[in-house]
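In: show me how the following folds:
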Amino acid sequence: MKRLFTLGTGTLNILLFLGFAVGMPAGGVLIAAQSLAGTRSASATAVTINGVYDLPNLGTIQSSILTNPNIDGIAIRIGWNKLEPTDGAFNWTAVDSMITQASAHGKKVSISVLAGSASPQWLYSEGAHTYKWIWDRAWGPSLCTVATMPVPWDPIFQEKWGNFIAAFGAKYNSNPAVSHVKLTGINSDTAETLLPITVHESINGGQCMGYDDVANWRAVGYTRVKVENAFLQITDEFEFYGAFPNRESR
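Out: Purely as a prediction, here's the structure:
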């Protein structure tokens, strides 16, 4: 079960996808989001982001999409590891290219940057604690491989993700082609706020069996409060909202 919230930040809207986390105490990440919406009610008005957005792969956007009058925008999805391949060194080329293509045809652009399984390897070399699970998606790594993500409340992850978001905002906050960004950070295999939650899942017709994610999250110290606080640090404590400040709504 998932919920969708949008929180207006003016020229740039921040779109928030939410899911229940880890199947543990009821509420999980959803409660954090409800708390967030409450704390922002005085300074931001919930808005609906209108339009049909195509979900292209990175690279050249099909001309049939760019010239289709029924498509309002392009949703760019990219991993953190591609944008910050080394600590503090950023490569925006792929995103800039797609923005150029879209804006040349009058299309809006949304951007979502996946942390989770797309976090850069240098993050772990610098000491961020990891969580591992068995990959069960039809995209990304091969089925049944071991996937890795940072533990959401790890202080090294929080610091480095905050640094990235600051650079992300400095790059795109004022770009008129970018209609909104997705609020990400606590992710696993998609841009949704959702952690691995399966328990000994049979994958690909029995090719392999997943881990017990519920037990494994508890083993690394999971509590609802830790996830809520990690989420609120990413949002409230001047990361996304500081990088993409409030402006007049357009």
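In: run through the helices of this structure in chain order.
Out: 28-40, 63-66, 80-83, 93-104, 121-125, 155-172, 213-219, 224-235, 240-243 (DSSP state H).
In: would you turn those helices into CSV with mean neighbour count, distance to residue 185 and mean pLDDT?
Out: C-betas here are computed from N, CA, C, even on glycine. Converted to CSV, the helices of the chain look like this (neighbours: other CB atoms under 10 Å; distance: least, CB to CB, whole Å; pLDDT from 0 to 100):
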stretch, mean neighbour count, distance to residue 185, mean pLDDT
helix 28-40, 18, 11, 32
helix 63-66, 13, 28, 96
helix 80-83, 20, 9, 97
helix 93-104, 17, 17, 97
helix 121-125, 15, 12, 98
helix 155-172, 19, 5, 94
helix 213-219, 16, 17, 97
helix 224-235, 20, 4, 91
helix 240-243, 21, 8, 81
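In: turn those into JSON lines, including distance to residue 135.
Out: Listed next are the helices of the chain as JSON lines, based on distance: least, CB to CB, whole Å:
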{"stretch": "helix 28-40", "distance to residue 135": "21"}
{"stretch": "helix 63-66", "distance to residue 135": "29"}
{"stretch": "helix 80-83", "distance to residue 135": "16"}
{"stretch": "helix 93-104", "distance to residue 135": "23"}
{"stretch": "helix 121-125", "distance to residue 135": "16"}
{"stretch": "helix 155-172", "distance to residue 135": "20"}
{"stretch": "helix 213-219", "distance to residue 135": "12"}
{"stretch": "helix 224-235", "distance to residue 135": "22"}
{"stretch": "helix 240-243", "distance to residue 135": "27"}
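In: for residue 55, see how far away residue 121 is.
Out: Distance of residue 121 to residue 55, given as CB to CB, to the nearest Å: 26 Å.
In: and for residue 240?
Out: Between residue 240 and residue 55 the computed distance is 21 Å (CB to CB).
In: excluding its backbone neighbours, what's nearest residue 121?
Out: residue 81 (7.1 Å; CB to CB, 6 or more residues apart in numbering).
In: try residue 112
Out: Residue 112 sits nearest to residue 182 (CB to CB, 6+ apart), 3.4 Å away.
In: so which residue is smack in the middle of this protein?
Out: The residue lying closest to the centre of the chain (CA atoms, centre = their mean) is residue 184, at 2.7 Å.
In: residues in contact with the nearest residue in space to that residue that is not next to it in sequence?
Out: Of all residues not flanking residue 184 in the chain, residue 191 sits nearest, at 5.2 Å (CB to CB, 6+ apart). Shown in contact with residue 191 (CB atoms under 8 Å, 6 or more residues apart in numbering): 17, 77, 112, 113, 114, 182, 184.
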